[in-house]
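J.: build me a model:
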Amino acid sequence: MLKRSLITLILVFGPIAKADTPQEQADPLALKKLSLEELSQLEVTTPSKEPVKAFQTPAAIYVVTSEDLRRSGATSIPSALRLVPGVEVAQIDANNWSIGIRGFGSNLTRSVLVLIDGRTVYTPLFAGTNWDVQNTLMEDIDRIEVIRGPGGTIWGPNAVNGVINIITKDSKDTQGLLVSAGGGNQEQGLLNLRYGGGNGRDFSYRVYGMGFTRGPEDHPTGPNFDDWRDVQGGFRMDWKEARDTFTLQGDLYDEEAGKSVQVNSYTPPFQYNVNSNALLSGGNILGRWRRTFDSGNDFQVQVYYDRADRTTANFEERRDTYDIDYLQRVRLPVRQELSFGLGARVDPIDDTQVVSGLTFLPAKRTDYLATGFVQDEIRLVEDRLSFTVGTKALRTDFTKGISLEPSARLLWTPTEKQTVWAAFTHALRTPSDAEENFYLSGYNPNSAGGTPVFARFNANPEFAPEQMNGYELGARRLLRSNMGIGVASFYNHYHDLFSEDITGAPFVETTPAPTHFLLPAQFRNGLMGITKGVEANAEWRPASFWRLRGSYSYLHMNVYASPGSGDVGTGPGTAGSSPQNQATIHSNFDLTSKLELDLIYRYVGILPGGSGLPVVPGYSTGDARIGWHVSRHVEFSLAGQNLFQPSHPEYAGDPYGLVGIKRSVYGKLTWRM
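T.: Numbers count the residues shown, from 1 in each chain. You can find the predicted model right below:
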């Protein structure tokens, strides 16, 4: 299926390659080298869904630009997120990652809301993001905006510890033809094709196709099952008429990703691993209309449809998502800017039982989410002091009544080169299908007198939202025209966190056969937690050809059982899945007008494990990239990742044990016309 899809893409895009097209505006040789002052004026949309200057945002925000992405050599969104200070990125195997912000790292990033062009890719099935299907053409990404800390007041539930917003380029900035191809030992082959056109005035478009194949990582105690293949295509159209701007875009993908899952069964051998290719496919289409009346007065309507099909060795899911979002901004005469909006989402789902130990009941159901928010920005002292207060109100099929996510933020800008901010936010992670509609049986190898022992986690329709009260304090400063620093500190208190509770004494069960002992259990809200820490980043331009960036983050995390909780010990494993210390150093050199060298050093502290998870040692490693602009139209690059060791483990998530993430090198040739 994947080979046929790739051939189809080549046939579709091949004739386009011969077209006479204008030069692409995003030619790297023509890209502007932004100074620190210019970067401080860069506008972002994630904090308020409206353009605001990143430097004057009362939140810990970091922006990865398209130039940062190009020079990093990153081939996936998770690997690109390693560029962001304070974001915990650990590769589990070739197609799985654990990503966390301020703790709670997991393969689904359950407490972070992830969006692509405003379309949420957070799934309520297991509460998180399936990173294996979040692929896009890296050359089409305009920027990645990351907020460390809660963003629920604007974006709604599940933006507890952060928001990751991947924003692609306007189609007017991707004109002409782009072809890139490459390969290496892990990145075994990639082919990207894109063509953009338009009338040169108020209408533009692009179409793209991409495909890759990636090899497995190092499995010292098990088979190399995790090879990965993907074919994807899509389009985007943008046009403008007087006060109105419109966007229509969509994507289709088809993947095979090697997975290993542990299956539990009531019949011998009771527990075993299944290695197979997960079949992952889907698509989306999104439309956005924005009308601007004047500065500070506008509204926006966005609608999208998303289809996701996942077939794995232990479950199958078919999910359709229909979403509509309305946002309006009004500038009031008393130095105030009022924003408000409404949203609705409906998810019809069909989950097919594949193995007896994992069941969703009912198998067919519909999830829904209804939201409304209001936020008022009050400029107490013009251009110097502002206070922002607001709340999100939400209702889902997982919760009873209406839940609120209020926040208050104070921003002080004593000078144009200095920002100080403080914030309080109450944020929620709403329950998932896996907590309220899920039945899971697990085999205990410590049998009693030869009789097998199982624990069965029964569905919990009373599972409550996880809640967090977050306190933040941060500052940014341009020390000189070529040097800047930023610091953010936080203290978060969590309650009603996910726990695995024993709910009674074991008893003998004869059905299903054979006779076995059953330990009743349930997913509950039996944990509490505290996280606190600090994140610092700095940038220095020693010379016009040299850019230095560094970051350090410290996290203290304590997760413990609530009074009366029957948790079996989930807390230490939750706390032990995020490093206490992280540090990075990035050095970018323009060796000549055509030759560039990029070096990255990364240090990640130990993952203590717990709850049956092994300890993952801390590690240091480095990435490097050398790029040669052969001509205005042709660029060749050679990139290496994880260069210090042949392989090293980063996370405990494989049923066979720790997986070694290999040293990798790949070359890439890019042609723009």
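
J.: C-alpha only now, for contacts and for neighbours.
T.: Will do.

J.: helices along the stretch 401-550 of the chain, start to end?
T.: 433-436 (DSSP state H, counting those that start in this stretch).

J.: where along it do the strands fall?
T.: In the stretch 401-550 of the chain, the strands defined using DSSP state E, counting those that start in this stretch lie at 403-415, 418-429, 438-448, 451-458, 466-480, 483-502, 507-509, 516-543, 546-561.

J.: these into CSV, with extra columns for distance to Phe104 and mean neighbour count?
T.: As requested, those are exported to CSV (distance: least, Cα to Cα, whole Å; neighbours: other Cα atoms under 10 Å):
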stretch, distance to Phe104, mean neighbour count
strand 403-415, 20, 20
strand 418-429, 12, 23
strand 438-448, 22, 17
strand 451-458, 22, 20
strand 466-480, 13, 20
strand 483-502, 11, 20
strand 507-509, 34, 13
strand 516-543, 10, 20
strand 546-561, 9, 20
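
J.: so for Asp298, which of those sits nearest?
T.: Nearest to Asp298 among the strands of the stretch 401-550 of the chain is strand 403-415 (22.9 Å), distances taken as Cα to Cα.

J.: tell me the angle of the closest one relative to strand 418-429?
T.: Relative orientation of strand 403-415 versus strand 418-429 (axes from the mean of the first three to the mean of the last three Cα atoms, to 10 degrees): 170 degrees.

J.: residues touching Val261, list them.
T.: Taking Cα atoms under 8 Å, 6 or more residues apart in numbering as the criterion, Val261 is in contact with Asn273, Val274, Asn275, Ala313, Asn314, Pro655.

J.: what do you get for Thr247?
T.: Here Thr247 is in contact with Arg236, Met237, Asp238, Trp239, Leu286, Gly287, Arg288, Trp289 (criterion: Cα under 8 Å, 6+ apart).

J.: filter the contacts of Val261 to the buried ones?
T.: Val274, Asn275, Ala313, Asn314 (16 or more other Cα atoms under 10 Å).

J.: so Gly184 sits against Arg663, correct?
T.: No. Applying Cα atoms under 8 Å, one finds Gly184 not in contact with Arg663, separated by 10.8 Å.

J.: please say which of these two ends up with more neighbours.
T.: Arg663 (21 against 18; other Cα atoms under 10 Å).

J.: give the contact list for the more buried one.
T.: Residues in contact with Arg663, defined by Cα under 8 Å, 6+ apart, are Gly640, Gln641, Asn642, Leu643, Phe644, Gln645, Pro646, Ser647.

J.: do Gly250 as well
T.: Counted by Cα under 8 Å, 6+ apart, Gly250 has contacts Gly234, Phe235, Arg236, Gly283, Asn284, Ile285, Leu286.

J.: same check, this time on Arg319
T.: Arg319 touches Arg307, Ala308, Asp309, Asp347, Pro348, Ile349, Asp350, counting by Cα under 8 Å, 6+ apart.

J.: next, count neighbours for the fourth one.
T.: Applying other Cα under 10 Å, we find 21 residues neighbouring Asp347.

J.: try the first one
T.: Other residues within reach of Arg307, judged by other Cα under 10 Å, total 16.

J.: quick one: secondary structure of it?
T.: At Arg307 the chain is in strand, as set by DSSP: H, G, I helix; E, B strand; the rest coil.

J.: show me where pLDDT drops low in this structure?
T.: 1-34, 446-449 (pLDDT under 70).

J.: spatially central residue for it, please.
T.: With distances taken as Cα atoms, centre = their mean, Val114 lies nearest the centre of the chain, 4.5 Å away.

J.: who's that one bridged to?
T.: Ile164 (DSSP bridges).

J.: can you name the residues that contact it?
T.: Taking Cα under 8 Å, 6+ apart as the test, what Val114 contacts is Thr120, Val121, Tyr122, Thr129, Val163, Ile164, Asn165, Ile166.

J.: picking that back up, tabulate the contacts of Arg319 (JSON lines), appending distance to Ser76.
T.: Putting the contacts of Arg319 into JSON lines (distance: Cα to Cα, whole Å) gives the following:
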{"residue": "Arg307", "distance to Ser76": "21"}
{"residue": "Ala308", "distance to Ser76": "19"}
{"residue": "Asp309", "distance to Ser76": "21"}
{"residue": "Asp347", "distance to Ser76": "27"}
{"residue": "Pro348", "distance to Ser76": "29"}
{"residue": "Ile349", "distance to Ser76": "28"}
{"residue": "Asp350", "distance to Ser76": "29"}
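
J.: only the buried subset of the residues you listed, as a ChimeraX command please.
T.: Here is the ChimeraX command that picks out the buried ones among the contacts of Arg319, judged by 16+ other Cα under 10 Å:
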select :307,308,309,347,349,350
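
J.: for the contacts of Arg319, which one is nearest Ile99?
T.: Looking across these and measuring by Cα to Cα, the closest to Ile99 is Ala308, at 21.1 Å.

J.: if we can go back for a sec, which of the contacts of Gly250 has the largest number of neighbours?
T.: Going by other Cα under 10 Å, Arg236 tops the contacts of Gly250 with 22 neighbours.

J.: which stretch of helix or strand covers that residue?
T.: Using DSSP states H and E, Arg236 falls within strand 228-241.

J.: convert the next helix or strand after that strand to CSV, retaining C-alpha atoms only.
T.: Next in sequence after strand 228-241, counting helices and strands by DSSP H and E, comes strand 244-264. Extracted C-alpha coordinates of strand 244-264, given in CSV (Å, rounded to 0.1, in the frame of the first residue of the first chain):
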residue,chain,number,x,y,z
ASP,A,244,-11.1,39.3,5.0
THR,A,245,-8.5,36.5,4.9
PHE,A,246,-9.3,32.9,4.2
THR,A,247,-7.3,29.7,4.6
LEU,A,248,-8.2,26.2,3.4
GLN,A,249,-5.8,23.3,4.0
GLY,A,250,-5.8,19.5,4.3
ASP,A,251,-3.6,16.5,4.7
LEU,A,252,-3.8,12.7,4.1
TYR,A,253,-1.3,10.1,5.5
ASP,A,254,-0.7,6.4,5.4
GLU,A,255,1.8,4.7,7.6
GLU,A,256,3.3,1.4,8.8
ALA,A,257,5.0,1.7,12.2
GLY,A,258,6.6,-1.3,13.9
LYS,A,259,5.2,-1.8,17.4
SER,A,260,5.7,-4.3,20.2
VAL,A,261,2.8,-4.6,22.6
GLN,A,262,2.4,-6.8,25.6
VAL,A,263,-0.8,-8.9,25.4
ASN,A,264,-2.6,-10.4,28.4
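
J.: perfect, that will be all.
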